[in-house]
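J.: Sequence and computational prediction follow.
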Amino acid sequence: MNRNRFLQSLGMVSGGLLVARPGLAYSNPEEFSKALSGAVDDKDFWKKVREQFIFPDDYMYFNTGGIGAVPQVVLDMVQKSNIENEEYPKPGHDEARWLQVKKTCAPFFGPTVLPEEVSLVSTATEGINIILNGLMFKPGDEVITTYHEHVALNLPLLNHVNIHGIVVKSIEPDTQSAAANVEAIRKLVTPRTRLIFLSHITTTTGQVLPVAEIGKLAQDMKILFAVDGAQALGAMPMDVKSLGIDFYVASGHKWIVGPKRTGLLYISHEKRDLVHPMTIGAYSEMENDLKKGSLKFRDSGQRYEYGTQNEALFFGLERGAQFIQAIGIEKVYAHDRLLAEKFCDGIAKIPDMELLSPTEEPYRSALITFRHKTKDYMEIANHLTGKKRMRVRVVPEAGLNAVRVSFHVYNQEFEVERLLEEIRKYVG
């Protein structure tokens, strides 16, 4: 696979453990928030944010859309919790503390989302499978999606095609017109359509799909609506309830700057009983009796959680969420979009360069995808990542054969300028 070949070609191996710069990282969100309030200007503000991460000084990271970096407070929390768990081993996890993590993360989905509507899962991929498996598809049931979905959705859908005989219908996202995408979906709807499942922001071009309009279409036609928010949660303000979304999944390791192997799943309490728990264990149930053959699930998102958990990872996720909240989600969104638009403006001025992200600015995100008409996309990416220590991501998906950059809280304006300069010099 092209992407694997690209990753293998980097040859970037760290010889030692990196630690935060002494005196610059803050030990808790309160200290961090206080420091930010004392920033003399916007440049100083984002410099303080950058200092919370352990990137080497000569390294620029433009791949949050792939894997986000975690700040020092997250690393510290995970390590502290792991040590405590080994000093005083205990069976199970503290349910009150577990609920507190959900209370911290629930506002990312919207102001009225309840902690009981949130499940802590290992990845967005697990959340996707919980939804699809739990809907108990029948042969001939139809699901509408796009051709620009992540493999985390594509594979489970194909699995249900093979196992249950569902029918998957897809649209090619139109990057010129948001309204055209809504109409394309409308044309695919039939009486057998059971679910619309697509990305909030596509992994390929960073296109913000018109989820509000699609949500209204789904509600009007009494179709369930699920959204893969791996590229959106923690990157932009939202309100899943006002958007008409029934199910929403997200990664913890991208824009919320949490640890790897954490994720979040929202299932509206009104639609909870439509998604049957298929993988269950301790903590999923309210009561059970094998002799009587009785089983009663928790009346919350906890019914989709099971077994022994690694508390340290989710306490780290909570710290990441608090980190983003200390900055402010509106400020995060404005910062990331400012950098993305600065990059778009620069790319547009480079001869023979194609911008594959949407032409309508409101439907662009912090992920920008581009390609050159004559230069090989793999060579451009290898040059930037391997030689110039500017980590980007190749996009072979959907036949785009392009390069993607993504901007987040640890990126600064001078980095965008440096990135554009290197691209200009390389393509000549």
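T.: That came in fine, so what should we check first?
J.: from here on, contacts and neighbour counts on C-alpha atoms
T.: Fine.
J.: Touching, residue 347 and residue 356? I think so.
T.: No: when contacts are counted by Cα atoms under 8 Å, residue 347 is not listed as touching residue 356 (10.9 Å).
J.: and residue 400, how far is that from residue 354?
T.: Plainly put, residue 400 is 11 Å away from residue 354 if you go by Cα to Cα, to the nearest Å.
J.: My error: substitute residue 286 in the last question.
T.: As for residue 286, its distance to residue 354 is 55 Å (criterion: Cα to Cα).
J.: before we move on, what about residue 48?
T.: Distance of residue 48 to residue 354, given as Cα to Cα: 34 Å.
J.: Same question for residue 83.
T.: Relative to residue 354, residue 83 is positioned 50 Å away (Cα to Cα).
J.: Show me the shaky parts of the stretch 1-150 of the chain.
T.: Filtered on pLDDT under 70, the stretch 1-150 of the chain yields the residue ranges 1-23.
J.: In it, mark out all the strands, start to finish.
T.: Secondary structure of the stretch 1-150 of the chain by DSSP state E, counting those that start in this stretch: the strands cover 60-61, 118-121, 142-146.
J.: want to throw those into a markdown table with mean neighbour count?
T.: Shown next, in a markdown table, are the strands of the stretch 1-150 of the chain (neighbours: other Cα atoms under 10 Å):
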| stretch | mean neighbour count |
| --- | --- |
| strand 60-61 | 21 |
| strand 118-121 | 25 |
| strand 142-146 | 22 |
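J.: Now do the contacts for residue 273.
T.: Applying Cα atoms under 8 Å, 6 or more residues apart in numbering to residue 273 gives no contacts.
J.: quick one: contacts of the helix ranked longest in the chain?
T.: Longest helix in the chain, counting residues (DSSP state H): helix 329-348. With Cα under 8 Å, 6+ apart as the test, helix 329-348 has contacts from 234-237, 324, 353-355, 365-368, 406-409, 412-413, 416-417, 420.
J.: Could you rerun that using 6 Å?
T.: 235-236, 366, 407-408 (Cα atoms under 6 Å, 6 or more residues apart in numbering).
J.: And those, which two are furthest apart?
T.: Across those, the longest distance by Cα to Cα is 12.5 Å; it joins 236 and 407.
J.: who's more crowded, these two?
T.: The residue with more neighbours, out of residue 236 and residue 407, is residue 407; 27 against 20, by other Cα atoms under 10 Å.
J.: A strand includes residue 250, no?
T.: Yes: if the criterion is DSSP: H, G, I helix; E, B strand; the rest coil, then residue 250 is within a strand.
J.: ok now do it, which residues does it touch?
T.: Contacts of residue 250 by Cα under 6 Å, 6+ apart are 124, 229-230, 263-264.
J.: Swap in 10 Å and give it another go.
T.: Contact analysis of residue 250 by Cα atoms under 10 Å, 6 or more residues apart in numbering lists 109, 121, 123-128, 227-234, 256, 262-266.
J.: just residue 308 next, same as before
T.: If you count contacts by Cα under 10 Å, 6+ apart, residue 308 has them with 91-93, 281-283.
J.: For the residue nearest the centre of the chain, which non-adjacent residue is spatially closest?
T.: For the chain, residue 230 is the residue whose C-alpha lies nearest the centre (Cα atoms, centre = their mean; 2.2 Å). Residue nearest to residue 230 in three dimensions, not counting chain neighbours: residue 250, with 4.2 Å by Cα to Cα, 6 or more residues apart in numbering.
J.: Okay, and the beta partners of that neighbour?
T.: In this entry, residue 250 is beta-bridged to residue 264, by DSSP bridges.
J.: ok, residue 272 to residue 143 distance?
T.: Taken as Cα to Cα, the span from residue 272 to residue 143 is 19 Å.
J.: Provide a list of residues in contact with residue 104.
T.: Shown in contact with residue 104 (Cα under 10 Å, 6+ apart): 115, 317-319, 321-322, 325.
J.: correction: residue 156
T.: Counting by Cα under 10 Å, 6+ apart, residue 156 touches 125-126, 128-129, 132-133, 162.
J.: Now it: phi and psi?
T.: Per-residue torsions, residue 156: phi -60, psi -40 (degrees, to the nearest 10).
J.: And for residue 171?
T.: Backbone torsions of residue 171, given as degrees, to the nearest 10, read phi -110, psi 150.
J.: give me the number of residues near it?
T.: 16.
J.: Likewise for the one 10 residues further on?
T.: By other Cα under 10 Å, 21 other residues sit near residue 181.
J.: which residues touch residue 200?
T.: Listed by Cα under 10 Å, 6+ apart, the contact partners of residue 200 are 206-212, 226-233, 248-249.
J.: Also residue 71?
T.: Applying Cα under 10 Å, 6+ apart, we find residue 71 in contact with 20, 25-26, 49-55, 257-259, 316, 319-320, 323, 410.
J.: Residue 377 and residue 346, how far apart?
T.: Using Cα to Cα, we find residue 377 at a distance of 18 Å from residue 346.
J.: of the two, who's got more company?
T.: residue 377 (21 against 17).
J.: Need the per-residue pLDDT for the more buried one.
T.: At residue 377, the pLDDT value in this model is 98.
J.: Pull the number of nearby residues for residue 38.
T.: For residue 38, the neighbour count with other Cα under 10 Å is 10.
J.: for residue 39, same thing?
T.: When neighbours are counted by other Cα under 10 Å, residue 39 registers 14.
J.: Numbering from 96 from now on, please.
T.: From this message on, residue numbering opens at 96, which makes the last subject residue 134.
J.: and it, what does it touch?
T.: Neighbour list for residue 134: 140-143 [criterion: Cα under 10 Å, 6+ apart].
J.: Now do the strands in the stretch 296-445 of the chain.
T.: Assigned by DSSP E, counting those that start in this stretch, the strands in the stretch 296-445 of the chain fall at 319-323, 342-346, 358-362, 380-384, 389-392.
J.: what's the shortest one in contact with?
T.: Applying Cα under 10 Å, 6+ apart, the contact partners of strand 389-392 are 371-372, 375, 378-384, 398-399.
J.: now with 6 Å?
T.: By Cα under 6 Å, 6+ apart, strand 389-392 touches 380-383, 398.
J.: Just the buried residues of the contacts of residue 403.
T.: For these, a neighbour count by 16 or more other Cα atoms under 10 Å gives the buried set as residue 378.
J.: by contact count, what packs against the helix or strand that residue 498 is a member of?
T.: Applying DSSP states H and E as the criterion places residue 498 in strand 497-501. Where contact means 3 or more Cα pairs under 6 Å, 6 or more residues apart in numbering; DSSP states H and E, strand 497-501 is packed against strand 462-467, strand 488-490.
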